[in-house]
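Student: please find the sequence and the predicted model below.
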Amino acid sequence: MDEHGPLCVGIDPHASLLEAWGLPDTAAGVRDFGLRVVEALGGKVAAVKPQAAFFERHGSRGLAALEDVLAASAAAGTLTIVDAKRGDIGSTMGAYADAYLRDGSPLAGDALTVSPYLGFGSLAPAVELAAATGRGLFVLCLTSNKEGAEVQHARSLPDAGGHLGASVASVMAAHAAVLNAGAEPMGSVGLVVGATVGDAARATGTDLVAVNGPLLAPGVGAQGAGARELSTAFGDARRTVLASSSRGVLAAGPDAESLVRAARAAATEATAALRS
Ligand SMILES: O=c1ccn([C@@H]2O[C@H](COP(=O)(O)O)[C@@H](O)[C@H]2O)c(=O)[nH]1
């Protein structure tokens, strides 16, 4: 983030983007798309974030394409966040952890997005394997979609004194804070907090500074967030934010120079908003 600016570029091969790039909507098409992004931006951005869903659409060959994109990013020295939002009961979570966080697994990136909505404790196998292999997690906390609020803003019952109960989002952030306590410069259990969430962190009592971990902020570009939204949503936690844009950058492709220009512009905007 210090070297390239606090921007992650998502690799989301939507059918419409494949068409615009002159690629077929097939496993070969998504592979080509991902490899072109990595070739253009590898070594030039803080991280890339392949969206697993767009690869899974194409079955086993799509997953093989994701493996190739992850390998190419590793070869380019660019960090990868696999956006698969995995979450299940602990015994099954162990298998997801093995797939996405084990050394030598072809689907392992440098970090994985996970869903804590089966209970934060159900993520323990992923937390343990990520720590053991030097990888990171991004735990869904306040997501960029408006529907997320009905779950994430919900609060437990007021106490006997009538004080508001804790929000779901604040409880998730507090769990991450415990895991990151004392880590320097920060721990490896990050949160997903959308750049679009406005004052949701304050409204839900979610302490983003205490998390002491990176905050992945999707929603920049196509979902409408820009510099203003980034600078207001994160308050004193803004220096730990990794802004994320997929379609906003990818729309500039397939020309490599245009992709680099779009990524640099987004990174410059994120730097101005988050590092001032
Ligand atoms: O809260 C969240 C969590 C994840 N995402 C993912 O990020 C990208 C956003 O794509 P854009 O084209 O920049 O809108 C996509 O893969 C989402 O699944 C998110 O948007 N919000």
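Tutor: Sure thing, it's come through.

Student: what separates stretch 38-46 from the chain centre, distance-wise?
Tutor: Centroid separation for stretch 38-46 versus its chain: 17 Å, with CA atoms, centre = their mean, to the nearest Å.

Student: ugh, wrong one, I meant stretch 220-234
Tutor: Between the centre of stretch 220-234 and the centre of its chain there are 15 Å (CA atoms, centre = their mean).

Student: same check on stretch 2-19?
Tutor: Per CA atoms, centre = their mean, the centroid offset for stretch 2-19 relative to its chain is 11 Å.

Student: ok, that stretch near the ligand or not?
Tutor: Yes: remark: stretch 2-19 sits within contact range of the ligand at 10, 12, by CB under 6 Å from any ligand atom. C-betas here are computed from N, CA, C, even on glycine.

Student: so residue 204 sits right up against residue 170, yeah?
Tutor: Yes: using CB atoms under 8 Å, residue 204 is in contact with residue 170, at 5.6 Å.

Student: quick one: buried residues of the lowest-mean-pLDDT helix or strand in the chain?
Tutor: For the chain, using mean pLDDT, DSSP states H and E, the weakest element among its helices and strands is helix 227-233, scoring a mean of 95. By neighbour count on 16 or more other CB atoms under 10 Å, the buried set for helix 227-233 is 227, 229-231, 233.

Student: hmm, that helix in reach of the ligand?
Tutor: No: contact of helix 227-233 with the ligand (CB under 6 Å from any ligand atom) is absent, the minimum separation being 12.2 Å.

Student: quick one: list the elements packing against that helix.
Tutor: Helices and strands touching helix 227-233, by 3 or more CB pairs under 8 Å, 6 or more residues apart in numbering; DSSP states H and E, are helix 256-274.
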